[in-house]
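Coordinates only, no sequence provided:
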């Protein structure tokens, strides 16, 4: 095929693909333009997940009438003049690509007025082609209406998710910028229902209160720190408040919402040892630093940034969050309990819950222990040598209510009780054909639960599977649902609240489905929530029963998420560490 110049409309659609991935991308670009225009009020209204219509209205400075058409041309911007300006970009948008890219894939109408003008101006595009322009009466500010997004690109529409899922992404964008700019009042209306309404008071805690509710706001800790390179501010959650994924961690750089893997990890590092496994804090962290120290032009959508000195920023963020946790939420020492009457506690510094009684022999016909019923059939598998080792293990104790200590002919074995029981529950569900008929537990009274839009989208996507595996759910108006039954697996000691079990499940599935098949993600998450947890005290009988069950699983080496279940310390290793060899 010979080389040739692409037609302008094709080139415009390709360029739009870099900027406009989905409806939320449109909202992000328009909201950023509103903030750069000095708006104190930004109102976003969408319908049909933003595919049918998006409308963003602000009270910013507006666009002069003689510049309105120019604003919709590629590479036209008021925010840069020379290449050198890229070194000190202080605005959210600067490339001059958002408006023409949006106009190339939708029907767009822009109405605007500047403060000293007697009237406003209006321009309209239909899939990149101008179809009208002229004066109009309107207030100071700008309104951009986007209709029939990707109407000229049906293939792009097929890759979008449900209306609820796309609306949830839009809500995320508005929420992040409401947190980035608490001095601006944000509203979001989706299909006629108000989803976001912040006061614009300038107080970040007020924004958190309006977005996440009073219980969350009351448990957020102020973060403040500064050095010669950057200042860090914001709020982060107390250790007793966490979520199943990172979706409630907001990172801002000079008030720009960004994603930076290393700096997000710095926030998590500050919580090391204070949060359970695979739990994440809620945080709104802003890093202020000179514009020349950060490159905001490294990603087509300006979503990611690069730092001139990443290590210093990492340390500053981790130190500021750690200081907040120490100052406002000091870690409490765990209490020790001992099951043997009259037994003297171990010396200080040994957080060991030790039980020396020998484990009784438990076979397939023995009664089940609390929450650890033995399966009646053994599953064939290729578990290999570990299964043979497990048969001969004798439980001798429990460390930190997390690891089972067992003795075998080849030395000492540490068993992660959560990972091991997760594997047991996963295999039980997958191989028993658990359904609503034999694996569901009806509730005495239906439990109402309020879900956010992302959780509703996940629920709708997994509706058939949730029913198959034991959930009985029904809509209760808006984002509220009633839980009438849950999988029997989720009724153990770790899941006393059906509403909390459902919300945690939906949050976790949304993460797991990225790396696992859809059904495996759901079953693995049910197994995770139905398993005993780190911190659960087990009796000797329960620990022994768990090892017997692990023997029968298909893969006793790992939990469904790939974490090891057992670590072996050989007799030689023990003797060498104690100087016997």
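Thanks, I have it. In this text, all values refer to a predicted model and were calculated from it rather than measured experimentally.

So residue 238 sits against residue 217, correct?
No - between residue 238 and residue 217 there is no contact, the gap being 11.6 Å when judged by CB atoms under 8 Å. C-beta coordinates here come from the backbone N, C-alpha and C atoms, glycine included.

quick one: the strands in the stretch 201-350 of the chain?
Ranges of strands in the stretch 201-350 of the chain, per DSSP state E, counting those that start in this stretch, are 220-226, 231-237, 249-253, 256-258, 283-288, 294-295, 306-307.

What of the stretch 401-550 of the chain?
Along the stretch 401-550 of the chain, the stretches classed as strands by DSSP E, counting those that start in this stretch are 403-408, 411-416, 440-450, 472-475, 480-487.

Mean neighbour count and mean pLDDT added to these, as JSON lines?
Putting the strands of the stretch 401-550 of the chain into JSON lines (neighbours: other CB atoms under 10 Å; pLDDT from 0 to 100) gives the following:
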{"stretch": "strand 403-408", "mean neighbour count": "19", "mean pLDDT": "92"}
{"stretch": "strand 411-416", "mean neighbour count": "20", "mean pLDDT": "90"}
{"stretch": "strand 440-450", "mean neighbour count": "14", "mean pLDDT": "84"}
{"stretch": "strand 472-475", "mean neighbour count": "14", "mean pLDDT": "88"}
{"stretch": "strand 480-487", "mean neighbour count": "20", "mean pLDDT": "86"}
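
shaky segments in the stretch 251-400 of the chain?
For the stretch 251-400 of the chain, applying pLDDT under 70 flags the ranges 273, 297-302, 329-385.

Show the contacting residues for residue 535.
Applying CB atoms under 8 Å, 6 or more residues apart in numbering, one finds that residue 535 lies in contact with 276, 400-402.

just to revisit the earlier point, turn the strands of the stretch 401-550 of the chain into JSON lines, including distance to residue 285.
As requested, those are arranged in JSON lines below (distance: least, CB to CB, whole Å):
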{"stretch": "strand 403-408", "distance to residue 285": "33"}
{"stretch": "strand 411-416", "distance to residue 285": "31"}
{"stretch": "strand 440-450", "distance to residue 285": "27"}
{"stretch": "strand 472-475", "distance to residue 285": "35"}
{"stretch": "strand 480-487", "distance to residue 285": "31"}
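
Of those strands, which is nearest residue 550?
Of all the strands of the stretch 401-550 of the chain, strand 411-416 sits nearest to residue 550, with 7.6 Å by CB to CB.

Spell out which strands sit alongside that closest one in the sheet and which way each one runs.
Each strand that strand 411-416 pairs with, and the sense of that pairing, follows from DSSP bridges: strand 403-408 (antiparallel), strand 566-570 (antiparallel).

got JSON lines for the ones you listed, with distance to residue 116 too?
JSON lines is the format used below for the strands paired with strand 411-416 (distance: least, CB to CB, whole Å):
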{"stretch": "strand 403-408", "distance to residue 116": "72"}
{"stretch": "strand 566-570", "distance to residue 116": "73"}
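
Which one, of those, ends up nearest to residue 20?
Distances from residue 20 to each of these were compared using CB to CB; the minimum, 49.2 Å, belongs to strand 566-570.

Show me what the mean pLDDT comes to for the helix or strand that the closest one is followed by.
The C-terminal neighbour of strand 566-570 among helices and strands, as given by DSSP states H and E, is helix 571-577. Taken as a whole, helix 571-577 has an average pLDDT of 83.

For helix 571-577, which outside residues touch it?
Under CB under 8 Å, 6+ apart, the answer for helix 571-577 is 410-412, 581.

Now do the SS call for residue 39.
The three-state assignment at residue 39 reads coil, by DSSP: H, G, I helix; E, B strand; the rest coil.

out of the strands of the stretch 201-350 of the chain, which comes closest to residue 454?
strand 249-253 (14.4 Å).

Now residue 561: closest residue in space that isn't a chain neighbour?
Of all residues beyond its chain neighbours, the one nearest residue 561 is residue 524 (6.3 Å), with distances taken as CB to CB, 6 or more residues apart in numbering.

ok, that neighbour touching residue 426?
Yes - in terms of CB under 8 Å, residue 524 counts as a neighbour of residue 426; the distance is 6.0 Å.

what is in contact with the two at once?
Common neighbours of residue 524 and residue 426, using CB under 8 Å, 6+ apart, are residue 560.

count of residues packed around the closest residue in space to residue 212 that isn't next to it in sequence?
The shortest distance from residue 212 to any residue that is not its chain neighbour, by CB to CB, 6+ apart, is 7.3 Å, and that residue is residue 282. Around residue 282 there are 21 other residues, counting by other CB atoms under 10 Å.

Please tell me I have it right and residue 282 contacts residue 213.
No - using CB under 8 Å, residue 282 is not in contact with residue 213; the gap is 11.3 Å.

what's around the residue nearest to residue 258 when sequence neighbours are not counted, how many residues?
Taking CB to CB, 6+ apart as the measure, residue 258 lies nearest to residue 305, with 5.0 Å between them; neighbours along the chain are not counted. Neighbours of residue 305 under the rule other CB under 10 Å: 20.

Hmm, residue 305 is touching residue 261, no?
No - distance between residue 305 and residue 261: 11.3 Å, which falls outside the contact criterion (CB under 8 Å).

ok, what's across the strand from residue 249?
Beta-bridge partners of residue 249, as defined by DSSP bridges: residue 283.

For residue 198, see how far away it is.
Taking CB to CB, to the nearest Å as the criterion, residue 249 is separated from residue 198 by 19 Å.

Give me the more crowded residue out of those two.
For residue 249 versus residue 198, the count of surrounding residues by other CB under 10 Å is larger for residue 198: 24 against 19.

now the more buried one: how far from residue 447?
30 Å.

Show me the shaky parts of the stretch 401-550 of the chain.
For the stretch 401-550 of the chain, the stretches with pLDDT under 70 are 432-438, 491-496, 512-518.

before we move on, the earlier item: what about the strands of the stretch 401-550 of the chain, which gets the closest to residue 386?
Each of the strands of the stretch 401-550 of the chain has some distance to residue 386 by CB to CB; the shortest is strand 411-416, at 9.5 Å.

Quick one: residues contacting residue 473.
459, 463, 466-467, 481-484, 502.

want to throw the residues you listed into a markdown table with distance to residue 65?
Putting those into a markdown table (distance: CB to CB, whole Å) gives the following:
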| residue | distance to residue 65 |
| --- | --- |
| 459 | 48 |
| 463 | 51 |
| 466 | 54 |
| 467 | 57 |
| 481 | 50 |
| 482 | 54 |
| 483 | 56 |
| 484 | 59 |
| 502 | 53 |
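
Give me the contact list for the helix or strand that contains residue 26.
If you go by DSSP H and E, residue 26 is part of helix 23-36. Counting by CB under 8 Å, 6+ apart, helix 23-36 makes contact with 19-20, 42, 44, 46, 49-51, 54, 56, 58, 60, 79, 91-93, 98-99, 102, 106, 142, 144, 146, 149, 160, 166, 169-170, 172-174, 177, 181, 184, 301, all of which sit outside it.

now stretch 441-452
Contact with stretch 441-452 is made by 168, 171, 459, 470, 472, 476, 479-488, 490-491, 497-499, 502-503, 506, as judged by CB under 8 Å, 6+ apart.

now do stretch 176-186
The set of residues external to stretch 176-186 that reach it, using CB under 8 Å, 6+ apart, is 31-32, 35, 39-44, 174, 196-204, 206-208, 210-211, 250, 252, 255-257, 284, 286.

With stretch 108-116 instead?
Contacts with stretch 108-116, where a contact means CB under 8 Å, 6+ apart, come from 61-64, 68, 71-72, 99, 102, 119-125, 136, 138-147.

buried stuff in it?
Neighbour-count burial for stretch 108-116, counted by 16 or more other CB atoms under 10 Å, picks out 108-114.

doesn't residue 262 make contact with residue 310?
Yes - using CB under 8 Å, residue 310 is in contact with residue 262, at 5.9 Å.

And the residue nearest the centre of the chain?
When the chain is reduced to its mean C-alpha position, the nearest residue by CA atoms, centre = their mean turns out to be residue 247, at 2.6 Å.

For it, give me its contacts.
Residues counted as contacts of residue 247 (CB under 8 Å, 6+ apart) are 172, 454, 507, 510.
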